[in-house]
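Student: my questions are about this predicted structure, shown below with the sequence.
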Amino acid sequence: MTSLLQMATTSLARLFTTTSSPESIEIPAIRYASLISMFQLLNDRIFTFDETVSPNDEDLQNFIHIIRPLKSPACEHLSDEERVKITSRSQFMNEHGSSITFIEYTRTVIEQGDEQWATLLINSIRAGNSEIEFIPHFSMTGKYGLHPTEGATVFFPKDIRCLVQIDNQNMYFVPQNHGGFQAGVLYANDAFLQLLAGNPIDILQNQGWIFDKEKTVQISQALTALTNRTGHSLSLELNPK
């Protein structure tokens with residue numbers, strides 16, 4: 001009989017890989033409006049906003065430090081003061097130090113002009129004996145562009161990382177296809193709701209969207225609700241009657 005671990009590993013191999021380059025990811029673009037709605041990134045009841053961010057900004061330097069082990073392209077981009085200018089930043093941190101940060105920036109590419117990028121990070125902290133450990137749970141970096149037929153602004157994910165746990169070992173996996181991307185977004189949504197509620201980010205619960213076959217059949221319905229999220233519907237999710 002196939003064990004749950006074997007089933008999870010088989011599913012994992014189909015959806016994720018740890019070695020491919022960002023350019024090889026075969027996942028769809030997401031409409032800008034949907035991205036904003038999913039995580040309520042313009043909701044001033046949740047986030048604080050900055051339109052001007054100095055390269056020496058402490059929060060920015062912490063952000064770069066946190067994503068450096070993930071080898072996210074945003075780490076290299078945001079470290080390049082000459083070619084990158086941050087155009088907006090949205091941040092929320094709960095009382096336990098778990099946070100979500102969304103940064104939009106312009107990157108100048110020689111002989112190609114300016115590119116518009118964005119990066120999203122959800123992380124928690126763990127206090128050790130002598131220092132605080134930052135734990136990135138989800139990161140997504142990509143480039144903005146125009147939909148080829150509709151003309152609307154869309155976001156093209158180039159690098160996505162989800163923290164999962166296999167055999168009590170934490171590891172990161174990168175969605176490589178449509179199904180993996182959808183599962184990763186719902187993973188991120190669960191982490192987002194947990195930090196808004198002031199609860200610990202639950203890796204095992206959240207990775208159910210990736211490994212649990214009973215949950216994966218709910219992905220389409222869950223994503224529809226997510227892309228239609230409003231501030232009011234989010235309040236109801238956090239405080240159901």
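Tutor: Thanks, I have it. Residues are numbered from 1 along each chain as shown.
Student: A helix includes Arg68, no?
Tutor: Yes. Per DSSP: H, G, I helix; E, B strand; the rest coil, Arg68 lies within a helix segment.
Student: contacts only, for it.
Tutor: Residues in contact with Arg68 (Cβ atoms under 8 Å, 6 or more residues apart in numbering) are Cys75. No exception for glycine: its C-beta is placed from N, CA and C like everyone else's.
Student: ok, now how distant is it from Ile132?
Tutor: Distance of Arg68 to Ile132, computed by Cβ to Cβ, to the nearest Å: 16 Å.
Student: likewise for Glu150?
Tutor: 45 Å.
Student: how about Asp159?
Tutor: Counting by Cβ to Cβ - Asp159 and Ile132 are separated by 25 Å.
Student: now Gln116
Tutor: Remark: distance between Gln116 and Ile132 (Cβ to Cβ) = 33 Å.
Student: neighbour count: the two, which is higher?
Tutor: Remark: of Gln116 and Ile132, Gln116 carries more neighbours, 14 against 9, as counted by other Cβ atoms under 10 Å.
Student: which helix or strand contains that one?
Tutor: Assigned by DSSP states H and E, Gln116 falls within strand 113-127.
Student: distance from the chain centre to that strand, please.
Tutor: On the basis of Cα atoms, centre = their mean, to the nearest Å, strand 113-127 sits 7 Å off its chain's mean C-alpha point.
Student: could you dump that strand to PDB, C-alpha only?
Tutor: Only the C-alpha atoms of strand 113-127 are listed here, as PDB (Å, rounded to 0.1, in the frame of the first residue of the first chain):
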ATOM      1  CA  GLY A 113      14.700  50.300 -20.500                       C
ATOM      2  CA  ASP A 114      12.700  50.100 -17.300                       C
ATOM      3  CA  GLU A 115      10.900  47.000 -16.000                       C
ATOM      4  CA  GLN A 116       8.200  47.000 -13.300                       C
ATOM      5  CA  TRP A 117       8.600  44.300 -10.700                       C
ATOM      6  CA  ALA A 118       7.000  43.300  -7.400                       C
ATOM      7  CA  THR A 119       7.800  41.000  -4.600                       C
ATOM      8  CA  LEU A 120       5.700  39.500  -1.700                       C
ATOM      9  CA  LEU A 121       7.000  38.000   1.500                       C
ATOM     10  CA  ILE A 122       5.300  36.300   4.400                       C
ATOM     11  CA  ASN A 123       7.500  35.500   7.300                       C
ATOM     12  CA  SER A 124       7.600  34.800  11.000                       C
ATOM     13  CA  ILE A 125      10.300  35.100  13.700                       C
ATOM     14  CA  ARG A 126      11.600  32.700  16.300                       C
ATOM     15  CA  ALA A 127      13.600  33.900  19.300                       C
END
